[in-house]
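Enquirer: What would the 3D arrangement of this be:
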Amino acid sequence: MHWKDYFFFFQKIGSRYFILAAAAFFALYVFRLGKNRYRKIQARNPRTRDYLREMGYSVCTISIFAMVPVVLLKNPLVVIHTSYYTRISDYGWGYFFIAFPLLFFIHDTYFYWTHRLMHHKILFRWFHLVHHHSTNPSPWAAYAFHPLEAIVEAGVFAVFLFTLPVHPLHIYLFFFFMIVYNVYGHSGYEFYPAGFTRHWLGKWINTSVSHNQHHHYFKGNYGLYFTFWDRIMGTMRADYDRDFDAIATHNT
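Expert: Predicted coordinates for the structure are as follows:
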């Protein structure tokens, strides 16, 4: 392993997680900056040991995530077989921007189906139970995975590299947005306005309420960015709109 490369990626991935999760945690849980505008989805707060558990597993996840670009991008025997490119002129600016919705669709599809698979009774305790110890998640839960689940989650990076051309900026911007949305989804607060889930566009976008329900009840709402797989496959919880409205009507 190229240790300098490994520690470079560990620092990059780790700093994104800790800066964003800490910003959300201190804003929402310590200083409670949104207390007069946003309602917490579950009234109680997690315990200190919950925060520590989430941070501990997140560090483990980051250590696994950091290995993936080293193996796939820094190994000349591997990277030559990928679709990784460094000159935007190779595919043009048009493709550069079109690639982003493709990346989100691929990741959401990958996440939905691997997530549902990890909920199978044979796999759940080995892969996904650690993440579901956070029945009332905080921003620190964004990367709180068992090592086996972390490997599964990291697999989408390989899917990208072997399915469509990706530029370093694709990787940086996509995974930055991913952790932002992941922290939001585990924040324990809802920021979208009332009526969002009933809007023609909003109904297809995943929310913090949706993912919080998944953590609380363990079933349904398996999507990451979008709800279309849940809606198509009938795994959207029937009480989703009702619970969202009960929370979001406070966001005025």
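Enquirer: neighbours around the nearest residue to Gly185 once chain neighbours are set aside, how many?
Expert: Once flanking residues are discounted, Gly185 sits nearest to His211: 4.2 Å by Cβ to Cβ, 6 or more residues apart in numbering. In this view, the C-beta of every residue, glycine as well, is placed from N, C-alpha and C. Around His211 there are 23 other residues, counting by other Cβ atoms under 10 Å.
Enquirer: Next: the one 5 residues further on.
Expert: A count of nearby residues for His216, using other Cβ under 10 Å, gives 17.
Enquirer: can I assume it is in contact with His132?
Expert: No. With contact defined as Cβ atoms under 8 Å, His216 does not reach His132; the gap is 9.7 Å.
Enquirer: Pull up the overlap in contacts between those two.
Expert: When Cβ atoms under 8 Å, 6 or more residues apart in numbering defines a contact, no residue borders His216 and His132 alike.
Enquirer: picking that back up, touching, the residue nearest to Gly185 and Gly220? I think so.
Expert: No. His211 is beyond contact range of Gly220, at 10.6 Å (criterion: Cβ under 8 Å).
Enquirer: tell me the centre residue of this structure?
Expert: Asn182 (3.5 Å; Cα atoms, centre = their mean).
Enquirer: in which helix or strand would I find that one?
Expert: In this assignment (DSSP states H and E), Asn182 forms part of helix 168-185.
Enquirer: what packs against that helix?
Expert: helix 3-25, helix 92-118, helix 147-161, helix 208-217 (3 or more Cβ pairs under 8 Å, 6 or more residues apart in numbering; DSSP states H and E).
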